[in-house]
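>>> Just a sequence and a predicted model for now, questions to come.
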Amino acid sequence: MFGRSGRWWLGTVLHQVSRSPGTSAAVLFLVLDDGTEVITFPRLNWAVVAIVLLAILGAGVALMILISAADFDDAPTPGPAPPATCDMFCPAP
């Protein structure tokens, strides 16, 4: 369809999208009486999209809570060491 050029993926995507499982077409190409071409796609089930999105967000939040509450047995970080002399910062007598 597109040869060996860099657009081979486009033919693959169009082939997968235009496949029709059984008797119903996933993508319908129509040419109307006036010559205009119409491409129709199946309706998207937004409830499924919302459920999947909420499941992904819920898993992410659960993972963040689990990681933030974990005890990794890390030693506390030591504070900065005091300077040996106070050459420039000695208080005036």
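Done, it's in.

>>> what about Val49, which helix or strand?
Element membership of Val49, judged by DSSP states H and E, is helix 46-68.

>>> tell me which residues of stretch 72-86 are tucked away?
When neighbours are counted by 16 or more other CB atoms under 10 Å, no buried residue of stretch 72-86 is found. Where you see a C-beta, it was placed from the backbone N, CA and C, and this is true even at glycine.

>>> Can you pull out the residues in contact with that stretch?
Residues outside stretch 72-86 that contact it (CB atoms under 8 Å, 6 or more residues apart in numbering) are Phe89.

>>> Could you write out the alpha-carbon coordinates of it in PDB?
Provided in PDB are the C-alpha atoms of stretch 72-86 (Å, rounded to 0.1, in the frame of the first residue of the first chain):
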ATOM      1  CA  PHE A  72      13.000   2.300  54.600                       C
ATOM      2  CA  ASP A  73      15.200   2.100  57.800                       C
ATOM      3  CA  ASP A  74      17.300   5.000  56.600                       C
ATOM      4  CA  ALA A  75      19.600   6.600  59.200                       C
ATOM      5  CA  PRO A  76      18.900  10.300  59.800                       C
ATOM      6  CA  THR A  77      20.900  12.600  57.800                       C
ATOM      7  CA  PRO A  78      23.700  14.300  59.800                       C
ATOM      8  CA  GLY A  79      23.600  18.000  60.200                       C
ATOM      9  CA  PRO A  80      26.400  20.300  58.900                       C
ATOM     10  CA  ALA A  81      29.600  20.100  60.900                       C
ATOM     11  CA  PRO A  82      30.500  23.300  62.800                       C
ATOM     12  CA  PRO A  83      33.500  25.200  61.400                       C
ATOM     13  CA  ALA A  84      36.900  24.600  63.100                       C
ATOM     14  CA  THR A  85      37.600  28.300  63.400                       C
ATOM     15  CA  CYS A  86      35.400  31.400  63.200                       C
END
